[in-house]
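[1] kindly generate the corresponding structure for this input.
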Amino acid sequence: MTPARTLVTGGNGFVGRAVVEQLLTRGDRVRALVRRDCPDLTAMGVELVRGDLSDTVAVSAACTDCDLVFHVAAKSGFWGPYSEYHEPNVRGTQNVLDACRKHRVGRLVYTSSPSVVFDGKDVRGADESLPYPAKPISNYSATKALAERAVLAANSDDLRTIALRPHLIWGPGDNHMAPRFIARARAGKLRRIGQRDCLIDTTYILDAARAHLLAADALANNPRAAGRPFFISQGDPRPIWQIINGILAAADLPPVTRSVPLLVGRTAGAVLETVYKTLRLESEPPMTRFVANILTTDHYFNITAAQTELNYQPQTSIEDAFRHLAL
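    Down below sits the predicted model:
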């Protein structure tokens with residue numbers, strides 16, 4: 001069988017690179033849309049197209065002659081004006097959809113997020129029937145929800161689409177979740193909020209990437225999977241501070257034991273957001289309402305749909321993931 005010509009947007013990012021590596025391992029011809037030169041990807045045999053998601057010419061060029069697109073690139077984070085998220089996450093995704101249609105790409109796998117349905121309250125084992133909230137909890141989640149809706153609405157016989165919602169991806173090479181906790185712990189600024197050790201599920205990076213390839217295969221072979229979102233995780237909810245302290249231990253840091261009262265933590269997030277917006281400070285506040293909600297609510301999801309329709313099964317235990325992180 002002829003190897004697929006595959007595009008990965010954000011192929012030099014944490015998730016994108018893991019997807020690229022697994023595609024290369026299975027023999028795909030891989031192209032990556034990136035914003036800067038990446039000699040390491042070039043050395044691996046990846047064709048690079050320079051540009052960002054707002055560059056319609058670059059996005060179109062990247063999709064030329066592709067059979068399959070993984071749209072991974074996005075602006076993530078918990079802080080910043082809406083416009084900074086809307087341009088890459090919403091308009092950028094529309095540019096990818098337009099280019100896919102123009103160049104008759106057959107399949108599109110979109111990297112979404114469970115935050116698109118998170119309203120700040122406990123989520124315990126919810127499946128994909130959970131609705132989008134009336135009031136998104138962050139600019140990131142608001143714009144990712146708009147992009148996800150556009151991707152799923154674009155599903156057709158000519159362009160089959162799917163949206164993956166991997167939850168809290170981490171592992172070696174992580175440039176977001178683990179480094180944030182480690183940096184704050186080293187600075188002595190990481191605290192528990194309240195006494196409740198909420199349950200969360202997470203996704204190890206290799207399983208997250210493998211889910212992307214399985215989703216692409218499902219689009220080719222399973223009509224039931226097209227036009228749908230799927231939660232992805234290890235399927236193993238754990239107390240949140242067990243996960244955080246495990247990440248800290250991998251960095252040779254002690255566990256976090258000090259805490260602040262729940263009301264203090266949540267109020268601090270709201271107050272700091274107001275202060276930073278009023279003073280127009282560009283840096284991220286040490287606490288936001290989004291982060292406070294993440295640390296003080298249960299949020300884990302039912303992955304039965306992914307197991308049934310995508311043949312997804314996590315391959316890495318959380319204990320093994322901690323060991324890999326420490327290497």
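[2] let me see the contact set for the nearest residue in space to Tyr276 that is not next to it in sequence.
    Nearest residue to Tyr276 in three dimensions, chain neighbours excluded: Pro285, at 4.9 Å (Cβ to Cβ, 6 or more residues apart in numbering). To be clear about C-beta, it is placed using only N, CA and C from the backbone, and glycine gets the same treatment. Listed by Cβ atoms under 8 Å, 6 or more residues apart in numbering, the contact set of Pro285 reads 79, 269, 272-273, 275-276.
[3] now, among these, which is nearest to Gly45?
    Trp79 (37.1 Å; Cβ to Cβ).
[4] looking at this, Val49 is in a strand?
    Yes: per DSSP: H, G, I helix; E, B strand; the rest coil, Val49 lies within a strand segment.
[5] in what element of secondary structure is the nearest residue to it once chain neighbours are set aside found?
    Nearest residue to Val49, sequence neighbours excluded (Cβ to Cβ, 6+ apart): Ala62, at 4.2 Å. Element membership of Ala62 [criterion: DSSP states H and E] is helix 56-63.
[6] got the CA positions of that helix in PDB?
    Extracted C-alpha coordinates of helix 56-63, given in PDB (Å, rounded to 0.1, in the frame of the first residue of the first chain):
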ATOM      1  CA  THR A  56      -3.800  31.200   4.300                       C
ATOM      2  CA  VAL A  57      -1.100  30.700   1.600                       C
ATOM      3  CA  ALA A  58       1.100  28.600   3.900                       C
ATOM      4  CA  VAL A  59      -1.800  26.600   5.200                       C
ATOM      5  CA  SER A  60      -3.000  25.900   1.600                       C
ATOM      6  CA  ALA A  61       0.500  24.900   0.500                       C
ATOM      7  CA  ALA A  62       0.800  22.600   3.500                       C
ATOM      8  CA  CYS A  63      -2.400  20.800   2.600                       C
END
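[7] and that helix, how far from the chain's centre?
    Put simply, helix 56-63 sits 23 Å off its chain's centre (Cα atoms, centre = their mean, to the nearest Å).
[8] just stretch 169-189 next, same as before
    Relative to its parent chain, stretch 169-189 has a centroid offset of 16 Å by Cα atoms, centre = their mean.
[9] pLDDT averaged over that stretch - what is it?
    Stretch 169-189 comes out with an average pLDDT of 90.
[10] helices along the protein, start to end?
    14-26, 39-43, 56-63, 82-86, 92-102, 139-153, 177-186, 205-221, 240-250, 262-278, 289-296, 304-309, 318-326 (DSSP state H).
[11] right, so of those helices, which gets closest to Arg192?
    Nearest to Arg192 among the helices of the chain is helix 240-250 (6.3 Å), distances taken as Cβ to Cβ.
[12] what residue is smack in the middle of this structure?
    In the chain, the centroid-proximal residue (Cα atoms, centre = their mean) is Ser113; its distance is 5.3 Å.
[13] tell me who's in contact with the residue nearest to Val49.
    For Ala62, the contacting residues are 7, 9, 31, 33, 49, 51, 99, by Cβ under 8 Å, 6+ apart.
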